[in-house]
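Colleague: Below are the sequence and a predicted model; questions follow.
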Amino acid sequence: MPFHIFGRSVAGAPVANFAGRWLTTFGLMILRQDGAAVSGTYGRDGTGCTLRGSVEGDRLAFDYEEPSEKGTGTFRLVRYGKFVGEYLAQGAAGPLPWNGERDFDGLWDTSFGRMRLIQADAGVTGLYGGLGPSTIEGRLEQGKLVFQYEEPAARGEGWFELDAEQSSFGGRWRPEGEREWREWRGHRVRPVQGLHWLVVLESHWQPTLEEPEFAFGNMLRELFARLPHVKVRQRYFQDEASLLHWCRELAYLAEPVVLVIASHGKEDGLHVNGRIIDTARIIDGLKLSESLKLLHFSSCLVGQDHKLALAGAPFPVSGYRTSVDWAQSALIEFIFLDMILGKGLAPAPAAKQLRRLVRFAGEEVIPGSPYPPASFRFFDPAQATGSSEA
């Protein structure tokens, strides 16, 4: 059955369809929609929390009221199964996030490892398991997700059915050519409030045995060990396949992720063991990493304007347009990443502050400085201009 992401308002303009049952930051939410008008209820413990608003395009602007709080907010429909948004309580200093997932969209802990499902207009796609690129593709039929799965050495079919709270599913699967059905269960993974990940994917820098061992990830791990809300993970890659493996693993993290890829670089991409890894391939490998907050290339020359802007990344990307000194890049990235993970700035304002705080990060030639301009570049697809200027 087809899904309808957009309907029409009374005036005839297309508006996003927010109607349905959502599992959100603040529990189960049930929304009703008539044209552009939306109303609904939400809450974890049956509390009388209400929401009322109006849709314009893909955005729902609303007022909400709880027993001890009220305020305003906005939701943006990313696709049929997901909205992202924020709310501002009366008297609060600033807005906070409020996100939601509908039907099968989201991250699940299942009988066969973590699974990331994306529910869009035409159906459901996703991946699961940590041993290889295992995929799932299906559609909704009479309330069930009917799917085909494919693993590195097997394929088959199955179905899932959600519980009333949309927090778990039960189902069956069977390999191709077999008649016996087997159980497959899962429950939804919710992010831990306040937790962030710093993931460092790094190639080995030393081409010979003569050179001593050093790693950029070691320094970052020590720097952020002081922040209990930041989990640091460092992994090594030696070719495109191993790098894309770790990129896929990011799809299974529920909390916001800052990804640093550290390697030798050239204008064409990363330079690893005599081969080039195109940055567009890396960005494509991260397309299901729903919680990715920033991709930073700690590599020379990778931050070319055309490479960052044309790669089609749905998340912010940063890098260097020039060949940059090892120590110079470390100083820049300590400040940049600490503003995001330690001081709570979003990547875009952190990138703007970086050029003010660290003068050699930008294009300015500083008289007498031992460091040439690093030509740090930042591209944010959310910016209307699409500019790569920080």
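Modeller: Received the coordinates, thanks. Predicted model only: the values in this text are computed from it and were never measured.
Colleague: only C-alpha atoms for contact and neighbour calcs from this point on.
Modeller: Fine.
Colleague: Determine the longest strand present in this protein.
Modeller: strand 69-79 (DSSP state E).
Colleague: Give the next helix or strand downstream of that strand.
Modeller: For strand 69-79, the following helix or strand on the C-terminal side (DSSP states H and E) is strand 82-89.
Colleague: Next, the angle strand 69-79 makes with that following strand.
Modeller: Angle, strand 82-89 to strand 69-79, by axes from the mean of the first three to the mean of the last three CA atoms, to 10 degrees: 160 degrees.
Colleague: What's the separation between the closest residue to G138 other than its chain neighbours and W181?
Modeller: Closest residue to G138 apart from its sequence neighbours, by CA to CA, 6 or more residues apart in numbering: F147 at 3.8 Å. Remark: distance between F147 and W181 (CA to CA, to the nearest Å) = 14 Å.
Colleague: Then V15?
Modeller: 42 Å.
Colleague: More neighbours: which of these two?
Modeller: V15 (20 against 13; other CA atoms under 10 Å).
Colleague: surely that one meets L60?
Modeller: No. Under the criterion of CA atoms under 8 Å, V15 is not in contact with L60, lying 9.2 Å apart.
Colleague: who's in contact with W184?
Modeller: Going by CA atoms under 8 Å, 6 or more residues apart in numbering, W184 touches 110-112, 160, 170-173.
Colleague: Considering the residues you listed, which possesses the most neighbours?
Modeller: Most surrounded of those: other CA under 10 Å gives F160, at 22 neighbours.
Colleague: what's stretch 208-219 in contact with?
Modeller: 200-202, 204-206, 234, 262, 330.
Colleague: wait, I meant stretch 22-33
Modeller: If you take CA under 8 Å, 6+ apart as the criterion, stretch 22-33 is touched by 17-21, 38-44, 98-103, 165-167.
Colleague: What about those residues, which are in strands?
Modeller: 20-21, 38-42, 100-102.
Colleague: Just give me how far the longest strand of the chain sits from the chain centre.
Modeller: When distances are taken as CA atoms, centre = their mean, to the nearest Å, strand 69-79 is centred 19 Å away from the chain's centroid.
Colleague: Could I get the CA-only coordinates of that strand as CSV?
Modeller: Below are the C-alpha coordinates for strand 69-79, written out as CSV (Å, rounded to 0.1, in the frame of the first residue of the first chain):
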residue,chain,number,x,y,z
GLU,A,69,4.3,23.4,31.7
LYS,A,70,3.4,24.9,28.3
GLY,A,71,5.2,26.4,25.3
THR,A,72,5.7,26.3,21.6
GLY,A,73,7.6,24.2,19.1
THR,A,74,8.1,23.0,15.5
PHE,A,75,8.4,19.6,13.8
ARG,A,76,9.8,19.0,10.3
LEU,A,77,8.8,15.9,8.5
VAL,A,78,12.0,14.4,7.2
ARG,A,79,10.2,11.4,5.6
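Colleague: what packs against it?
Modeller: With contacts taken as 3 or more CA pairs under 8 Å, 6 or more residues apart in numbering; DSSP states H and E, strand 69-79 sits against strand 59-66, strand 82-89.
Colleague: closest to L357 among the ones in strands among the contacts of stretch 22-33?
Modeller: G100 (36.6 Å; CA to CA).
Colleague: how close does that closest one get to A225?
Modeller: Distance, G100 to A225, by CA to CA: 31 Å.
Colleague: for the chain, which helix is longest?
Modeller: Ranked by number of residues, the top helix in the chain under DSSP state H is helix 326-341.
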